[in-house]
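Visitor: below are the sequence and a predicted model for it; my questions follow.
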Amino acid sequence: MNGVTIPAPMQAADRPSFQPVEAGAVLIGAIGACAAVGALVGWAAGNLGYGILAGVVVGIPAGVVTVYRRFRGYFS
């Protein structure tokens with residue numbers, strides 16, 4: 001047939017999978033890391049409890065951003 005080849009049928013690329021367990025672990029890890037840093041700052045300032053509280057308050061949005069950046073391909 002004059003050297004004409006028929007291309008193989010194309011398939012859609014697989015979407016990256018979203019693993020809720022991994023997302024939860026990343027979220028908890030980010031909150032825990034911020035709480036630990038807050039605890040160190042609070043301990044140095046003389047009030048451990050307020051440091052942990054401030055770390056958790058900062059850690060929640062930081063964790064959400066971290067999960068979003070980790071799974072960016074899934075959300076777009």
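Guide: Received it, and whenever you're ready, just let me know what you need.

Visitor: count the neighbours of Gly38 for me.
Guide: 21 (other CB atoms under 10 Å). For the C-beta atoms, the positions are set from N, CA and C on the backbone; glycine is no exception.

Visitor: in what helix or strand does the nearest residue to Val41 once chain neighbours are set aside lie?
Guide: In space, and not counting its chain neighbours, Val41 is closest to Gly51: 5.0 Å by CB to CB, 6 or more residues apart in numbering. In the assignment (DSSP states H and E), Gly51 maps to helix 48-70.

Visitor: who's in contact with that helix?
Guide: With CB atoms under 8 Å, 6 or more residues apart in numbering as the test, helix 48-70 has contacts from 22-23, 26-43, 45, 75.

Visitor: just the ones of those in helices?
Guide: 22-23, 26-43, 45, 75 (DSSP state H).

Visitor: among those, which ones are buried?
Guide: Ala23, Val26, Leu27, Ala30, Ile31, Cys34, Ala35, Val37, Gly38, Ala39, Val41, Gly42 (16 or more other CB atoms under 10 Å).

Visitor: please convert the residues you listed to a markdown table, extending it with distance to Val56 and pLDDT.
Guide: Below are these laid out as a markdown table (distance: CB to CB, whole Å; pLDDT from 0 to 100):
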| residue | distance to Val56 | pLDDT |
| --- | --- | --- |
| Ala23 | 18 | 93 |
| Val26 | 16 | 95 |
| Leu27 | 12 | 97 |
| Ala30 | 11 | 97 |
| Ile31 | 6 | 98 |
| Cys34 | 7 | 98 |
| Ala35 | 5 | 98 |
| Val37 | 11 | 98 |
| Gly38 | 7 | 97 |
| Ala39 | 10 | 97 |
| Val41 | 13 | 97 |
| Gly42 | 11 | 97 |
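
Visitor: how close does the residue nearest the centre of the chain sit to Val56?
Guide: Residue closest to the mean C-alpha point of the chain, counted by CA atoms, centre = their mean, is Val67 at 2.1 Å. Computed with CB to CB, to the nearest Å, the distance linking Val67 and Val56 is 16 Å.

Visitor: can I get stretch 40-56 in CSV? Just the C-alpha atoms.
Guide: Taking C-alpha atoms only, stretch 40-56 is exported to CSV below (Å, rounded to 0.1, in the frame of the first residue of the first chain):
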residue,chain,number,x,y,z
LEU,A,40,9.0,26.1,70.3
VAL,A,41,8.2,29.8,69.8
GLY,A,42,5.7,29.7,72.7
TRP,A,43,8.1,27.9,74.9
ALA,A,44,10.8,30.5,74.1
ALA,A,45,8.3,33.3,74.8
GLY,A,46,7.2,31.7,78.1
ASN,A,47,3.7,30.3,77.2
LEU,A,48,3.7,26.9,75.5
GLY,A,49,-0.1,26.7,75.2
TYR,A,50,-0.5,29.9,73.3
GLY,A,51,2.4,28.9,71.0
ILE,A,52,0.7,25.6,70.1
LEU,A,53,-2.6,27.3,69.6
ALA,A,54,-1.0,29.9,67.3
GLY,A,55,0.8,27.2,65.4
VAL,A,56,-2.4,25.2,64.8
